[in-house]
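Q: sequence unavailable; structure follows:
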């Protein structure tokens, strides 16, 4: 697509938000970075601009304005902040793609706070009934964005959602970030994807992968 | 965000509050800054854009890289590459913002769904497209048969305040005149007044 799409990244100063912003700056996108601390997000924008002069990136102090301008919104915030973000952007996110990256981990990292029959993504969809919520970037660690090819193998990144066109658009984002996109299914698959990352986090701590690890489906 | 959209809608087809809320769930609010593209030629046009605020233009670029403006859209107007929108073929128009703009977009998927579920939307769209067709006929007739002066008068009637908002060379492009010819026409008209 020639027409530049605008992506609002809410929580762009966080580990994941900054990693996503840096990797998407390589693509034909205009990035609007926002977070509660404008100075921090300004620093991320400046770092991207100095490393990639051709990138179109801007720090914006209001997530509502950024989401209003955006075609795609990435909620790069922890699960417990998703409700507040949803309340703010609800009106301007109408019919737009909203990417849920959150894993609803408990404080001790040994379980999820969501009920077994639901997921962070499905809860976000309930809060934003007219948006197209897509689960993505939740099975990749922040460090993977700088090194999407680990031990010679390109990490897979799973995408789940209910809207075909939105899944296609988000798969393109995943490719731009350097991962191999796999559409896993509709939004109800999100719970599995969130639990997969819980397992990867536990394995990372147990075997000391240094937060550089990912999933790869082996197939013929 | 949708005030003017529903004002215009209600002028054509009155809606109950409930119907308005139902239609609203299918609309995409979108801000565009000056000089940003809504659509570039070669891409499929995915939305009809209603202008709540600001000004946009649709144009084609010929092989000598000259721009030819097909349409302007200011508050209350809609703009799109209808051919591409309805056929999903690549667009031949490019649409960009001449001023910072607030738009209400109707995507093709939303359009199809609304046609199925909301009969008043179908009426509204029919009236909208009929109006656009008439405007196109008038523009075509005027372009091939009227002298430049009268064409300019028609233009200022169609777009009352756009002459103040848009550079003269764009108006000339819209009318199929060189900027010099348009300048002569305007001078002649001013002298007569």
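A: Arrived safely, thanks for sending. Being a predicted model, the structure only gives us computed values, none of them experimental.
Q: is residue 129 part of a helix or strand, or is it coil?
A: If you meant another chain, say so; for now it's chain A. Put simply, residue A:129 is coil when judged by DSSP: H, G, I helix; E, B strand; the rest coil.
Q: just give me the neighbour total for it.
A: Neighbours of residue A:129 under the rule other CB atoms under 10 Å in any protein chain shown: 10. In short, each C-beta sits where N, CA and C put it, glycine included.
Q: tell me the contacts of it?
A: Applying CB atoms under 8 Å, 6 or more residues apart in numbering or on different chains, we find residue A:129 in contact with residue B:25.
Q: so it versus residue A:99, what's the distance?
A: Per CB to CB, to the nearest Å, residue A:129 is found 17 Å from residue A:99.
Q: chain center to the host helix or strand of residue B:157: distance?
A: With elements taken from DSSP states H and E, the one containing residue B:157 is helix B:148-158. Centroid separation for helix B:148-158 versus its chain: 17 Å, with CA atoms, centre = their mean, to the nearest Å.
Q: do the same with stretch A:20-32
A: The answer for stretch A:20-32 is 12 Å, by CA atoms, centre = their mean.
Q: phi, psi for residue B:96 please.
A: Backbone geometry at residue B:96, expressed as degrees, to the nearest 10, gives phi -140, psi 170.
Q: which residues does it form a beta bridge with?
A: residue B:37, residue B:57 (DSSP bridges).
Q: would you mind pulling the contact partners of the longest helix seen in chain A?
A: For chain A, the helix that runs over the most residues, judged by DSSP state H, is helix A:190-207. Here helix A:190-207 makes contact (CB under 8 Å, 6+ apart) with A:100, A:102-105, A:109-112, A:114, A:116-122, A:135, A:138-139, A:141, A:158, A:160, A:184, A:209-211, A:213-215.
Q: which ones among those residues lie within helices?
A: A:120-122.
Q: leaving out sequence neighbours, find the closest residue to residue A:70.
A: Counting by CB to CB, 6 or more residues apart in numbering or on different chains, residue A:70 lies nearest to residue A:8, which is 3.7 Å off, once chain neighbours are set aside.
Q: end to end on stretch B:159-174, go ahead and measure it.
A: Start-to-end span of stretch B:159-174 (CA to CA, to the nearest Å) is 12 Å.
Q: what's the longest helix along chain B packed up against?
A: Longest helix in chain B, counting residues (DSSP H): helix B:119-145. Helices and strands touching helix B:119-145, as assessed by 3 or more CB pairs under 8 Å, 6 or more residues apart in numbering or on different chains; DSSP states H and E, comprise helix B:3-12, helix B:108-117, helix B:148-158.
Q: show me where pLDDT drops low in the chain?
A: Let's take chain A. Scanning chain A for pLDDT under 70 picks out no residues.
Q: hm, I was asking about chain B
A: For chain B, the stretches with pLDDT under 70 are B:193.
Q: which bits of it sit near chain A?
A: Residues of chain B lying close to chain A (CB under 8 Å from any CB of the partner chain) are B:1, B:24-33, B:36-43, B:105, B:107, B:109-110.
Q: the residues you listed in strands, which ones?
A: Judged by DSSP state E, these include B:28-32, B:37-39, B:105, B:107 as members of strands.
Q: of those residues, select the buried ones using a PyMOL command.
A: This is how PyMOL selects the buried members of these, with burial counted by 16 or more other CB atoms under 10 Å in any protein chain shown:
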select buried, chain B and resi 28+29+30+31+32+37+38+39+105+107
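Q: if we only consider the ones in strands among the residues of chain B next to chain A, which is nearest to residue A:30?
A: Closest to residue A:30 out of those is residue B:37 (10.2 Å), distances taken as CB to CB.
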